[in-house]
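K.L.:
the following block contains a protein sequence and its predicted model.
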Amino acid sequence: MEPEYLIDTNVVIDNFGNMLPEKAKAFVSSFVPVVSVVTKLEVLGWPKATKQQLSPLYGFMETAILLAIDEAVIDRTISIRQSKKIGLGDAIIAATALQHNLKLMTHNTKDFKDIEGLQLINPYEL
């Protein structure tokens, strides 16, 4: 079964912080997670995190499909950044979702809403 969703950093953090609604937690756990390399960097680069806090996050990343930054993602990122004021990390995540034909699951819909062709899923609205 082909993946359908790219999970944004904030969804991973909210999931492990027990902040996602039950319906969203069940949904996220119903498929193999797919994340951008940026999400892995942001989640595991958590400053001042303890080993106890990081351990389940490392476990999650080991089970996730990790999408790298390749030339096609770079080109899409450049195009997005040229047309919209957006942070580099978010632009790479959006470009990754577009390049791999995935819907972006994020709570941060306002930063992504005007990117042409990008489909958004807010886990708080499931």
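P.N.:
Looks like it arrived, so ask away.
K.L.:
which other helices and strands contact the strand or helix carrying Glu42?
P.N.:
In this structure, Glu42 sits in helix 37-44 according to DSSP states H and E. In terms of contacts (3 or more CB pairs under 8 Å, 6 or more residues apart in numbering; DSSP states H and E), helix 37-44 is packed against helix 9-16, helix 51-63, strand 65-67, helix 88-99. Any C-beta I mention is one placed from the backbone N, CA and C, and that applies to glycine too.
K.L.:
quick check: buried residues in it?
P.N.:
38-40, 42-43 (16 or more other CB atoms under 10 Å).
K.L.:
from the chain's centroid, how far away is it?
P.N.:
Centroid separation for helix 37-44 versus its chain: 9 Å, with CA atoms, centre = their mean, to the nearest Å.
K.L.:
do stretch 116-126 as well
P.N.:
11 Å.
K.L.:
list the buried ones in it?
P.N.:
For stretch 116-126, by 16+ other CB under 10 Å, it's 118, 120-121, 123.
K.L.:
endpoint to endpoint, that stretch covers what distance?
P.N.:
Using CA to CA, to the nearest Å, the gap from the first to the last residue of stretch 116-126 comes to 22 Å.
K.L.:
start the count at 106 instead of 1 going forward.
P.N.:
Fine by me, first position is 106 from now on; the one you just mentioned is stretch 221-231.
K.L.:
quick revisit: and of the helices and strands packed on helix 142-149, who's closest to Lys130?
P.N.:
helix 114-121 (6.3 Å; CB to CB).
K.L.:
show the subsequent helix or strand relative to the closest one.
P.N.:
Criterion used, DSSP H and E; the element after helix 114-121 is helix 127-133.
K.L.:
JSON lines for the buried residues of stretch 221-231, including distance to Glu127 and secondary structure?
P.N.:
Supplementary listing: the buried residues of stretch 221-231 in JSON lines, determined by distance: CB to CB, whole Å; DSSP: H, G, I helix; E, B strand; the rest coil:
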{"residue": "Leu223", "distance to Glu127": "27", "secondary structure": "coil"}
{"residue": "Leu225", "distance to Glu127": "21", "secondary structure": "strand"}
{"residue": "Ile226", "distance to Glu127": "17", "secondary structure": "strand"}
{"residue": "Pro228", "distance to Glu127": "11", "secondary structure": "helix"}
